[in-house]
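Asker: Dropping a prediction and its sequence here:
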Amino acid sequence: MANAAQILARGLFSAGCRHAFGIPGGEVLSVMDALVEAGIAFHLVRHENAGGLMAEGSYHMTGAPGILLATLGPGMANAVNAIANAEQERVPLVYITGCVDPHEAIGYSHQVFDHRAVLGPITKASFLAEDGALDTLIERALAIATQGRPGPVHIDLPVSLAAREQPGARAPGFTHPAPAAPAQGPALEAAREALAAAQRPLMVVGPEVVFQGCAERVATFARDFAVPVITTYKAKGVLPEDNPLALGAAGLSPLADRHLMPLVETADLILLAGYDPIEMRHRWCDPWDPETVPVIEFSAAPNSHGVHRASHRFVGHIGAGLDALRDGIEGRATWSNGAPAAARRALIEAFAADEDWGPAAIVDEVRRALPEDGVATVDSGAHRILLSQIWRCPRPRTLLQSSALGTMGCALPLAIGAKLAAPEKPVVAFTGDAGLEMVLGELATLRDLKLPVVIVVFVDASLALIELKQRDAGFANLGVDFGKTDFAAVAKALGGRGVEVTSRADLNRAVTEGLAADTFTLIAAQIERQAYDGRF
Ligand SMILES: Cc1ncc(C[n+]2csc(CCOP(=O)(O)OP(=O)(O)O)c2C)c(N)n1
Ligand SMILES: [Mg+2]
């Protein structure tokens, strides 16, 4: 016989989960025990929000849903940002919280409020666990979290239920549904005719290709049909970025858009492959007119966002969709005017990283020092926009970031979760100084886990992205600059290695040594204030 917590834990194990993150309170002790008993390691973090982002990092490396555990009240509320992030970033995450027993909550108020009401708008589902249905509950939670457009699911588990035996419960199981291809019919025929006729096709690739695991098929399609590819920041590497058809990433950079939009405007076929516009800035609202150009869209879930329109929409597996689209059609030369190749050259020039020192040099030098199979994470801020344009991804899931919610404080925990789940991969986290100061406590988590993650912090004593916007808009300088922290000293105080750098050679050496060390290394890369002016 198993208790409620054990049934949930076994269900999570059956879905491939091997790591859980969180901070316990008295209300979730039996859940923590059950996780470990089921074969899922529990990692103590310093802040629940960071724990949720570590769970995301582990998901990117393994494909299994992330697990976050928090106690009731303050523990539950601390993770709100990470849950909103999982919802916007399409991360399958199971969030288990403890709660007082429902009958007790009627006459007890200490730390008690409605968890599910708080989480309702930012989860795909929120359940109150009940006796007698734990097996079905965890199966539903996993199905909802992983299917269609993935996202977070919350389970509120009353204290006494967690430890109560559940007679008659079956062993929960988990199966992925088989990939769904478009049905034969007039919509598919019309789309195929558009592909066969296209002379200037353009593909926009988004993260659904990555989580459906069909990057290779999308890349093959692009090569066979000579289709230039724009990716979102999250889909970087679906087509290796050294491929001549790779036009780099679009997202938050007006400078990149200046080179990419003319292609969007002159294409005679737009192919959307798992493209989710939640990562994009305003310029990508309604960017094409399906009245004048055929737009074929393959997506994991129906698009009800209203951000763009399409002529032919197919919901299901993107790889299977592209296979059905191309069946029997021959690839041929495209874009006789050479416009995509010219745009690619112009983009490389626009984001040149050949300076001696500065933010672009830092990105460039770390790219040189990090092996091909390395994973980078990046925080939110000016450094992220520049890095997302410069950094070359040889494969998907080699650059992790919060590109939909765009939260600060994500890079360090994402890196911790990724390194734990894939210890053989070199992992580097890039962060701004303000973003790092939000999550400094997690350096202690890194120390305890003995993980050789390298953290590169762009030290400019400024909220550079906001300072730039403030100046551009003509506001007085206010609330965007702050004092310089001695990050190298902080790293040492928290049990790691710390080094300050102001040159390419020192940075390269620090990264190489850090990746081979037995603990974390924090590299404080000093840059000038206002170093991003005119760069993106
Ligand atoms: C949690 C959170 N708070 C506020 C913001 C708004 N914001 C976006 S970038 C940024 C500045 C970040 O500063 P820093 O980490 O130093 O990076 P930099 O811009 O200097 O590269 C701020 C405040 C945000 N995205 N997330
Ligand atoms: Mg800064």
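Answerer: That came through, no problem. Numbers count the residues shown, from 1 in each chain. Ligands and ions are numbered 1, 2, ... in the order given.
Asker: Which residue does this protein have closest to ligand 1?
Answerer: Proximity of the chain to ligand 1 (CB to the nearest ligand atom) peaks at residue 432, 2.1 Å away. For every residue, glycine as well, the C-beta is placed using N, CA and C.
Asker: That residue: neighbour count?
Answerer: 26 (other CB atoms under 10 Å).
Asker: What does it show for phi and psi?
Answerer: Backbone torsions for residue 432, taken as degrees, to the nearest 10, come to phi -80, psi 170.
Asker: who in this protein is up against ligand 1?
Answerer: Taking CB under 6 Å from any ligand atom as the contact definition, the chain meets ligand 1 at 379-383, 406-409, 432-435, 458, 460, 462-466.
Asker: Show the buried residues in these.
Answerer: Among the residues of the chain next to ligand 1, those scoring as buried are 379-383, 406-409, 432-435, 458, 460, 462-465 (criterion: 16 or more other CB atoms under 10 Å).
Asker: Restricted to strands, list those residues.
Answerer: 432, 458 (DSSP state E).
Asker: Looking at the residues of the chain next to ligand 1, which are in helices?
Answerer: Among the residues of the chain next to ligand 1, the members found in helices (DSSP state H) are 382, 383, 433, 434, 435, 464, 465, 466.
Asker: for the last one, what are its contacts?
Answerer: When you say that, I think you mean residue 466. Going by CB atoms under 8 Å, 6 or more residues apart in numbering, residue 466 touches residue 480.
Asker: try it again with 10 Å
Answerer: 381, 382, 434, 479, 480 (CB atoms under 10 Å, 6 or more residues apart in numbering).
Asker: so where's the longest helix in this structure?
Answerer: helix 48-62.
Asker: Just give me how far that helix sits from the chain centre.
Answerer: 10 Å (CA atoms, centre = their mean, to the nearest Å).
Asker: Following the chain onward from it, which element is next?
Answerer: strand 66-70 (DSSP states H and E).
Asker: what's the average pLDDT for that next one?
Answerer: In this model, strand 66-70 has an average pLDDT of 98.
Asker: how far does it sit from the chain's center?
Answerer: That offset, for strand 66-70, works out to 17 Å (CA atoms, centre = their mean).
Asker: which other helices and strands contact the helix or strand following that strand?
Answerer: Downstream of strand 66-70, the first helix or strand assigned by DSSP H and E is helix 74-78. Contacting helix 74-78 under the criterion 3 or more CB pairs under 10 Å, 6 or more residues apart in numbering; DSSP states H and E are the following elements: strand 19-23, helix 48-62, strand 66-70, strand 93-99, helix 115-119.
Asker: hang on, the earlier thing: send the alpha carbons of the longest helix of the chain over as CSV?
Answerer: Listed next in CSV are the C-alpha coordinates belonging to helix 48-62 (Å, rounded to 0.1, in the frame of the first residue of the first chain):
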residue,chain,number,x,y,z
GLU,A,48,11.7,28.8,-4.0
ASN,A,49,11.6,31.0,-7.0
ALA,A,50,15.2,30.0,-7.9
GLY,A,51,14.2,26.3,-7.3
GLY,A,52,11.5,26.6,-9.9
LEU,A,53,14.1,27.9,-12.4
MET,A,54,16.5,25.1,-11.5
ALA,A,55,13.7,22.7,-12.2
GLU,A,56,13.4,24.3,-15.7
GLY,A,57,17.1,23.9,-16.2
SER,A,58,16.9,20.2,-15.5
TYR,A,59,13.9,19.8,-17.9
HIS,A,60,15.9,21.3,-20.8
MET,A,61,18.6,18.7,-20.3
THR,A,62,16.4,15.6,-19.8
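Asker: got the contact list for the lowest-mean-pLDDT helix or strand in the chain?
Answerer: For the chain, counting by mean pLDDT, DSSP states H and E, helix 102-105 ranks last in confidence among helices and strands (a mean of 94). By CB under 10 Å, 6+ apart, the surrounding residues in contact with helix 102-105 are 72, 99, 112, 113, 114, 128, 130, 156, 158, 159, 160, 161.
Asker: gap between it and the chain center?
Answerer: The answer for helix 102-105 is 37 Å, by CA atoms, centre = their mean.
Asker: Which positions within it qualify as buried?
Answerer: In helix 102-105, counting by 16+ other CB under 10 Å, buried: nothing.
Asker: same question, stretch 22-32
Answerer: Buried, per 16+ other CB under 10 Å, within stretch 22-32: 22, 23, 24, 25, 27, 28, 29, 30, 31, 32.
Asker: and if you look at stretch 185-200?
Answerer: Buried residues in stretch 185-200, counted by 16+ other CB under 10 Å: 188, 191, 192, 194, 195, 198, 200.
Asker: Narrow the residues you listed to those in helices?
Answerer: If you go by DSSP H, the buried residues of stretch 185-200 have 188, 191, 192, 194, 195 in helices.
Asker: Cool, thanks, talk later.
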